[in-house]
Every structure is written in C-alpha cells, then in structure tokens.
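# my questions are about this predicted structure, shown below with the sequence.
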Amino acid sequence: MTTPTIRGNLLNSVQMAHFVSHGSLRMDAVVPAEMNDEAMTVLASDIPPAPYGTPLDEAYPEGSFVRRLTEVPQVAGALHSLVGPRPNVDHHAVHVRQPHEGRAQPLHADAIIDVRSDAFDVQLMYYPAEVTLEMGGTLSVPGSHLRRTNESDTGRYQNLKGQDRLVCPAGTVVFLHHGLWHGGRRNDSDTKRYMFKIRFNPTVRQRRLWDTSDLADPRVVSELTAHFPWYEHATARLEQYNRILLWRALTGDEQFDIEHWVTRVSNRPQEASA
C-alpha cells in the first residue's frame, strides 16, 4: 500500500520513459532550504554505514536526517516509482570535492558486475548546496546505462559529445540507473562541494510502480526513442532495442514495440512446414 503523499507524487509514464532512455531523472530544488542547511553539518560529520542490504527503515532511524530526506514527498514518490516500497539500502557515501583539488574522478559505472536486463538498482544523489560550473559537479553520459561495461573501463574517456555536467540549485536530487557512466568533476572554486549518495536495491518486481494513467501518451515513445550525439550510427539501434526490452519488463506488456525492432528478431516459429 502507498500512502496518500506517495500516491500524489508518483512519477508518470513519460518521466519513467525518460529514465529508461536517459538513465537518470533530475528533480531540482525539491529538498527544503532548512534541510539543506542542516545537511551541511550532517554531511561534514559523515553518516554511519549500514550493512549491505539493510531495509531502508532499519538503515536510518525515524527522525534522522537521511530518513527525512527519503521522506521528502517528491523524493519518496520517485523512489517508489523506480524501485517500489521498502527498498534495501545497498550502501551510501558522502562525496566531498575540496576547493582547487586539482583532480577529477574517472568516468565509471558503479559496481557494474551486473547482468540484469529486467531490473536495476537506483542511486539517489543529493546536492545540499548550489553547484556552479566552476565547482565541477557530477558529469554523466545520457543513454549510457544499458551498455555493458565493467565499472571503470570507461575511465580512459575524457569527454563525450552530449555529456551532461551538472549545474543545479541547492536541494537538487538526481536518480541514476546503476549502470550510468558518471564521475565527479574537478572543483575549481573556493567552495567545498558535497554530494550524498545512496544506492537502493528493489525488493519487489519493478512493474507498474508509477502512475500509469498516461501510459498511452505519445510522448512515451518520443522519450524511448531519444538519440544522443555520442552514439555510433549502428549501435544506436541496439540502445533502442534494449530500451524496448526494459520497457516491456517494467510495464508487463510483452507486445510493446517500436518500429518492429524486437518483434522481428524474436520471431521463432515452431510449426513445421508441410
């Protein structure tokens, strides 16, 4: 059962399709200012770890800062839409970029020893203070999440056309598919930069967990067919194919297709010829 607050803040089908194609969903300034102010103190003192796979309500005590962060209505609604109720906490981390630190994190995917094609973990990334271009921010590569790489294999790449370098207001939360290529950029400002990350594991089947009332909206297909400028011409078709498979898993609609992509290659008639 979902609470009225969560039901009122579920993602819609267009937003879910955006997540499937882009591998991320950004929510600007959804955390209240007073919580952002509190976060600067909480994150500076670090947050005690929880064992891998701890249920969310056990990992963070009721009333704690992190628990309240996950209960912000828009955050709770998005989390439920992506991984469902009662997810487990895989791990969390406070990432700090010092002023003029002089180095950047290599492009990578987190813990991508993962062959699932019909399920995914979600990473919540929270930015308690404004992130300017000079502060670096998190770099991510839209549409990279369904490519199988082994964690830091992409680290030799420095820039990809169409990459996104996060600039955002305080209180912004970004949800990432666990396979999205990303990395923390160098901080060239005079201000310390904080980012708090939690990786969530689903404990229920990720099927129609969002508001599906707009499932037939034409913008769903438009989102699922998004093209990114770093894609190779031929391989871009494989990206679309993999999105269709994921959308079928998320909706339970095994007949869903776009331009016959999956139907034609899954055609295996069993009837013998006369």
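Ah, there it is.
# the helices in the protein, which residues?
4-7, 13-22, 33-44, 56-59, 65-70, 73-83, 218-224, 235-251, 261-265 (DSSP state H).
# thought Thr154 was touching Gln105?
No: Thr154 is not in contact with Gln105 according to CB atoms under 8 Å; the separation is 11.6 Å. Backbone N, C-alpha and C define where each C-beta goes, glycine included.
# okay, now the unreliable bits of the stretch 151-274 of the chain?
151 (pLDDT under 70).
# Asp118: what's it in contact with?
Going by CB atoms under 8 Å, 6 or more residues apart in numbering, Asp118 touches Gln206, Leu245, Leu246, Ala249.
# repeat the analysis, applying 6 Å as the threshold.
Contacts for Asp118 (CB atoms under 6 Å, 6 or more residues apart in numbering) come out as Ala249.
# from Leu146, how far off is it?
12 Å (CB to CB, to the nearest Å).
# also Val89?
Taken as CB to CB, the span from Val89 to Leu146 is 24 Å.
# next up, the contacts around the spatially most central residue of the chain.
Nearest to the mean C-alpha position of the chain, by CA atoms, centre = their mean, lies Leu176 at 1.5 Å. Going by CB under 6 Å, 6+ apart, Leu176 touches Ser24, Gln123.
# cutoff 10 Å now
19, 22-26, 109-110, 120-125, 138, 140, 145, 182, 197, 199 (CB atoms under 10 Å, 6 or more residues apart in numbering).
# before we move on, what about Val14?
Val14 touches Asp214, Leu215, Asp217, Pro218, Arg219, Val220, Ser222, Glu223, counting by CB under 10 Å, 6+ apart.
# do a quick rundown of the strands in the stretch 51-200 of the chain.
54-55, 88-97, 122-127, 138-140, 164-165, 172-177, 182-184, 193-201 (DSSP state E, counting those that start in this stretch).
# could you give the number of residues near Gln255?
Per other CB atoms under 10 Å, the neighbour tally for Gln255 reads 7.
# please disregard the earlier target; I meant Asp110.
21.
# touching, it and Ser140? I think so.
No: using CB atoms under 10 Å, Asp110 makes no contact with Ser140, being 11.6 Å away.
# overlap in contacts of those two?
Common neighbours of Asp110 and Ser140 (CB under 10 Å, 6+ apart) are Leu176, Leu180, Trp181, His182.
# in those residues, find the pair that's most separated.
Spanning the widest gap among the shared contacts of Asp110 and Ser140 are Leu176 and Trp181, at 9.9 Å by CB to CB.
# common neighbours of those two, please.
With CB under 10 Å, 6+ apart as the test, Leu176 and Trp181 both reach Gly23, Ala109, Asp110, Ser140, His145.
# least confident of those residues?
pLDDT across the shared contacts of Leu176 and Trp181 is at its lowest for Asp110, which sits at 80.
# now that residue: closest residue in space that isn't a chain neighbour?
Excluding its sequence neighbours, the residue lying closest to Asp110 (CB to CB, 6 or more residues apart in numbering) is His178, at 5.8 Å.
# next: Val83.
Pro202 (4.1 Å).
# in this structure the one you found contacts Leu56, no?
No: Pro202 is beyond contact range of Leu56, at 11.3 Å (criterion: CB under 10 Å).
# overlap in contacts of the two?
Val83, Pro85, Arg86, Pro87, Asn88.
# and the pLDDT at the residue nearest to Val42 when sequence neighbours are not counted?
Spatial nearest neighbour of Val42, excluding adjacent residues (CB to CB, 6+ apart): Phe65 at 4.6 Å. At Phe65, the pLDDT value in this model is 97.
# what's around Phe65, how many residues?
15.
# and it, what is it in contact with?
Contacts for Phe65 were tallied using CB under 10 Å, 6+ apart; they are Met35, Glu38, Ala39, Thr41, Val42, Leu43, Ile47, Phe196.
# again, only this time at 7 Å
Residues near Phe65 by CB atoms under 7 Å, 6 or more residues apart in numbering: Glu38, Ala39, Val42.
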